[in-house]
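**Q** fold the following.
(one chain, ligands or ions: 2)
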Amino acid sequence: MDSDMDFDDDAPPMLVAADQPDDTENLSVDVDDMSLTRVPITIITGYLGAGKTTLMNYILNERHGKKIAVILNDIEKSLTVSQEGQQVEEWLELANGCLCCSVKDTGVSAIESLMEKRGAFDYILLETTGLADPGNLAPLFWVDDGLGSTIYLDGIVTLVDAKNIIRCLSEPTPAETQSDGTEHAHGPHLSTAHLQISHADVIVINKADLVSEAELEQVKARISSINALAKIHVTEHSKVPALEGVLLDLHAYDKVDADSIDFASKGHSHLDPAISTTTLTLPPLSSAQLDKLDTFLRNILWTRFFISHPEAEGVSVESAGSRPEIHRTKGRLVMQEGGVKLLQGVREVFEFIDAADVSTSKASGSADRGNGKLVFIGRNLVPAALQKSLEDAVLG
Ligand SMILES: Nc1nc2c(ncn2[C@@H]2O[C@H](COP(=O)(O)OP(=O)(O)OP(=O)(O)O)[C@@H](O)[C@H]2O)c(=O)[nH]1
Ligand SMILES: [Zn+2]
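**A** Numbering: from 1, shown residues only. Ligands and ions are numbered 1, 2, ... in the order given. Have a look, this model is predicted:
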């Protein structure tokens, strides 16, 4: 499906096919760039009162030159299109009450048809309710290139309230049945705050003015013990240092940078009993071994079976006392024939991508030299058991 571009804001929307460059208007974007046809979407999540609306307003009022559509995953599902201060209210027509439930069937197409009606946006921000689990939303927007969607998931930004986050992390999540009928595994203190942090690509620790330096350090340590892959920024009134590359245009699902993998593998204390980050290593792989890794990941992400349990093949880890529940997967896998494969995953969705940015210099991190690395963020991750299962499955 072609996306239509509105090149002139004063004139009525003129529909121009993106693959037929219009050279009469100023194009700030490269028309040869394929990304022109796909609009990034950033999910902004965070607990009640963390500062999401404050952040939205900050972004909309900054000079960014983008035409940003804001979707609120609230009762009213309103959508605001803003460019340089001008805001227009639109309404998304969704099949049922809640965006996270209806987006599966109609949400993505509702956004797409709105883009057709209004001309393309440059950017979409989706603000979830404070209680949303971004793990349910993310895979819906993370659509295969091949499916021809006009939007793609750029990243998940989670705001936390520096003053209240530690307390939120000790509140258990109300037992909730997901739209697919499954329930979250119950275990030690899984809170909504955990889910929002474990899925984040960027974490903004807001309300820094309300805590002491020591409290702030505690919050940072707790958060990076849960999610060692996310970039952390500390703010007052959600004023992030920059938008580009900090909140927007992260490409968090099509890049895996070596530095963040290295950072995650440094070993962070297991301060949080519910969710942690674990890094596994693999030597350079043959393509047959990459296929085995694919099978291993299907097993662990889809069926949640350990495939190489010491007692019996295919035994459910649940019966062994702990069932791994992996929220986020990233990896850089070194290939024997040269090159690096990137691994990206959210819950049960994962894919391998060829790395474009293979780092060869010493300065650009060790992740590409020697061993490949695999990072899991989730529950019930026992590093030694995982590493053994991985090696048995892939190298054995
Ligand atoms: N002291 C302080 N207050 C802040 C800061 N950032 C936001 N606030 C205030 O915190 C309150 C909640 O902020 P919002 O931006 O509405 O938070 P939200 O996450 O959108 O809240 P919900 O939509 O209710 O989940 C507002 O009164 C803000 O003015 C900050 O850095 N410091
Ligand atoms: Zn829902």
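**Q** chain neighbours aside, what residue packs nearest to T279?
**A** Spatially, and ignoring its direct neighbours in sequence, T279 is nearest to S265 (3.7 Å; CB to CB, 6 or more residues apart in numbering). Heads up, the C-betas are built off the backbone N, CA and C, glycines and all.
**Q** the one you found and A258, how far apart?
**A** Distance, S265 to A258, by CB to CB, to the nearest Å: 11 Å.
**Q** and what of L72?
**A** Computed as CB to CB, the L72 to A258 distance reads 36 Å.
**Q** point out the residues in the stretch 201-350 of the chain that sit beside ligand 1.
**A** Counting by CB under 6 Å from any ligand atom, the positions of the stretch 201-350 of the chain adjacent to ligand 1 are N206, K207, D209, L210, E236, H237, S238.
**Q** out of those, which are inside strands?
**A** Secondary structure from DSSP state E places N206 of those in strands.
**Q** ChimeraX command to pick out the buried ones of the residues of the stretch 201-350 of the chain next to ligand 1?
**A** Buried residues among those (16 or more other CB atoms under 10 Å), as a ChimeraX selection:
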select :206,207,238
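**Q** and the residues of the stretch 201-350 of the chain next to ligand 1, which two are furthest apart?
**A** Maximum pairwise distance in those, criterion CB to CB, is 13.3 Å, between L210 and S238.
**Q** Three-state assignment for G378, please.
**A** Secondary structure, DSSP: H, G, I helix; E, B strand; the rest coil: G378 is strand.
**Q** so it touches S198, yeah?
**A** Yes. G378 is within contact range of S198, at 6.9 Å (criterion: CB atoms under 8 Å).
**Q** common neighbours of those two, please.
**A** Residues touching both G378 and S198 by CB atoms under 8 Å, 6 or more residues apart in numbering: I275, H327, R328.
**Q** secondary structure and distance to ligand 2 added to those residues, as a markdown table?
**A** As requested, those are exported to a markdown table (DSSP: H, G, I helix; E, B strand; the rest coil; distance: CB to the ion, whole Å):
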| residue | secondary structure | distance to ligand 2 |
| --- | --- | --- |
| I275 | coil | 22 |
| H327 | strand | 18 |
| R328 | strand | 20 |
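**Q** of all these, which comes closest to A242?
**A** Nearest to A242 among these, with distances taken as CB to CB, is R328, at 24.0 Å.
**Q** from ligand 1, how far out is the closest one?
**A** Distance, R328 to ligand 1, by CB to the nearest ligand atom, to the nearest Å: 22 Å.
**Q** check contacts around the closest residue to that residue other than its chain neighbours.
**A** Spatial nearest neighbour of R328, excluding adjacent residues (CB to CB, 6+ apart): I377 at 4.1 Å. Counting by CB under 8 Å, 6+ apart, I377 touches 198, 226-229, 275-278, 326-329.
**Q** change it to 6 Å
**A** Neighbouring residues of I377 by CB atoms under 6 Å, 6 or more residues apart in numbering: S198, N227, T277, H327, R328.
**Q** the second one contacts I197, correct?
**A** Yes. Distance between N227 and I197: 5.3 Å, which falls inside the contact criterion (CB atoms under 6 Å).
**Q** settle it for me: which of these two has more neighbours?
**A** I197 (30 against 27; other CB atoms under 10 Å).
**Q** which parts of the stretch 251-396 of the chain are helices?
**A** Ranges of helices in the stretch 251-396 of the chain, per DSSP state H, counting those that start in this stretch, are 258-264, 287-298, 383-394.
**Q** same list, those, but as JSON lines with distance to ligand 2 and mean pLDDT please.
**A** Listed next are the helices of the stretch 251-396 of the chain as JSON lines, based on distance: least, CB to the ion, whole Å; pLDDT from 0 to 100:
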{"stretch": "helix 258-264", "distance to ligand 2": "30", "mean pLDDT": "82"}
{"stretch": "helix 287-298", "distance to ligand 2": "27", "mean pLDDT": "95"}
{"stretch": "helix 383-394", "distance to ligand 2": "31", "mean pLDDT": "90"}
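**Q** any idea which of these is most buried?
**A** Of all the helices of the stretch 251-396 of the chain, helix 258-264 carries the top mean neighbour count, a mean of 20, counting by mean count of other CB atoms under 10 Å.
**Q** give me the more crowded residue out of G378 and S198.
**A** Neighbour count, other CB under 10 Å: between G378 and S198, S198 has more, with 28 against 22.
**Q** measure the more buried one to V375 for me?
**A** On the measure of CB to CB, S198 and V375 end up 12 Å apart.
**Q** also V39?
**A** Counting by CB to CB, the separation of V39 from V375 is 28 Å.
**Q** longest helix in the protein, by number of residues?
**A** In the chain, with assignment by DSSP state H, the single longest helix is helix 213-226.
**Q** which of the shared contacts of G378 and S198 tops the neighbour count?
**A** Among the shared contacts of G378 and S198, I275 has the most neighbours (other CB under 10 Å), with 27 neighbours.
**Q** that one and S198 touch, don't they?
**A** Yes. Between I275 and S198 there is a contact under CB under 6 Å: 5.0 Å.
**Q** intersection of neighbour lists for the two?
**A** Residues touching both I275 and S198 (CB under 6 Å, 6+ apart): I226.
**Q** can you list the low-confidence ranges for this protein?
**A** The chain contains residues with pLDDT under 70 at 1-37, 73-110, 113-115, 117-120, 142-149, 172-189, 267-269, 303-322, 357-369.
**Q** so what's E62 closest to, chain neighbours aside?
**A** Nearest non-adjacent residue to E62, counting by CB to CB, 6+ apart: L243, 6.0 Å away.
**Q** need the contact list for H237.
**A** Contacts for H237 were tallied using CB under 6 Å, 6+ apart; they are T54.
**Q** need phi/psi at it.
**A** For H237, the backbone dihedrals (degrees, to the nearest 10) come out as phi 50, psi 40.
**Q** what's the spacing between it and A138?
**A** Distance, H237 to A138, using CB to CB: 27 Å.
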